[in-house]
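> Structure for the following, please:
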Amino acid sequence: MSSIEQNIKELKQQLGPSVKLVAVSKFQPNEKIMEAYNAGQRLFGENRPQEFEQKVKSLPEDIQWHFVGHLQTNKIKMVAPYAALIHSVDSEKLLFELEKFGAQNNLNIKCLLEIFIAKEQTKQGFTFSEAEELLERLRTAPLKNVTLCGVMGMATLTKDKEQISKEFTQLYSFFSRIKQRHLHLSEFKEVSMGMSEDFPIACRLGASIVRIGTKIFGEREYKE
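Numbers count the residues shown, from 1 in each chain. Take a look at the predicted model:
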């Protein structure tokens with residue numbers, strides 16, 4: 001059994017049946033992705049549009065590709081036609097450009113709203129109040145080509161487990177509140193939170209999707 005296969009097996013045992021594992025394969029060669037694929041993994045995540053598009057076209061068709069990185073509006077065409085789920089809708093501008101692209105190309109694009117929960121200002125996303133205001137406005141002008149499937153958040157990069165727990169708890173509480181208040185959002189079911197270092201905390205606090213790269217593939221070779 002390869003190390004990648006072993007890592008996936010161990011992770012799935014830890015996650016249990018209710019949490020979906022997205023193997024974050026950014027910067028990983030196709031050979032490593034195929035090792036994971038041959039171990040039964042079918043959900044993969046990429047964060048750069050060009051690399052995302054290249055991998056979609058060169059790897060097996062039954063892979064479900066998730067886009068997990070910052071998406072610029074001029075790169076939508078590289079991602080939206082292929083993504084099973086876009087985790088990182090971090091602005092109204094991006095959301096409405098996705099809606100426009102979906103209308104022009106007869107697509108229904110599944111997305112998560114990225115919520116800013118961390119201390120680091122370098123991270124992106126809606127504040128809780130911005131997301132609530134947006135969803136209230138969408139009641140009277142619903143999206144036709146974008147389906148909102150839940151929320152995504154990235155915790156502060158810290159060893160402080162209490163801080164991480166606090167941030168994930170806030171995200172899950174927000175998700176629950178929105179789900180109760182907006183019953184018309186029938187697909188609003190996903191909470192994407194937790195990465196290689198903090199996924200056990202995320203799972204304990206309600207994650208339905210975790211995004212894990214290093215614990216599957218090992219350290220990446222970063223490319224410019």
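
> Can you mark which positions in the helix or strand containing Ser173 are buried?
Under the criterion of DSSP states H and E, Ser173 resides in helix 161-181. For helix 161-181, burial by neighbour count (16 or more other Cβ atoms under 10 Å) applies to Ile164, Ser165, Glu167, Phe168, Leu171, Tyr172, Phe174, Phe175, Ile178. All C-beta atoms are positioned from the backbone trio N, CA, C, and that covers glycine.

> Stretch 57-71 too?
Those would be Leu59, Ile63, Trp65, His66, Phe67, Val68, Gly69, His70, Leu71, for stretch 57-71 by 16+ other Cβ under 10 Å.

> and which of these is nearest Lys189?
Nearest to Lys189 among those, counting by Cβ to Cβ, is His66 at 14.8 Å.

> Does that closest one touch Phe52 like I think?
No - if you go by Cβ atoms under 8 Å, His66 and Phe52 don't touch, sitting 9.5 Å apart.

> shared neighbours, those two?
By Cβ atoms under 8 Å, 6 or more residues apart in numbering, His66 and Phe52 have these common neighbours: Glu46, Ala83.

> OK, contacts around the residue nearest the centre of the chain?
Ranked by distance to the mean C-alpha position of the chain (Cα atoms, centre = their mean), the top residue is His87 at 3.3 Å. Taking Cβ under 8 Å, 6+ apart, we find His87 in contact with Gly45, His66, Phe67, Val68, Cys111, Leu112, Glu114, Met152, Ser192, Ile209, Arg211.

> Same question for Leu15.
Residues near Leu15 by Cβ under 8 Å, 6+ apart: Leu21, Phe199, Cys203, Val210.

> change it to 6 Å
Applying Cβ atoms under 6 Å, 6 or more residues apart in numbering, we find Leu15 in contact with Leu21.

> quick one: it from Gly125, how far?
Using Cβ to Cβ, to the nearest Å, Leu15 is found at 24 Å from Gly125.

> ok, now Phe217?
Phe217 is 25 Å from Gly125, by Cβ to Cβ.

> and what of Leu85?
Taking Cβ to Cβ, one finds Leu85 at 16 Å from Gly125.

> Which positions in stretch 117-124 come out as buried?
Ile117, Ala118, Lys123.

> er, stretch 89-105 I mean
Under 16+ other Cβ under 10 Å, the buried positions of stretch 89-105 are Val89, Asp90, Ser91, Leu94, Leu95, Glu97, Leu98, Glu99, Phe101, Gly102.
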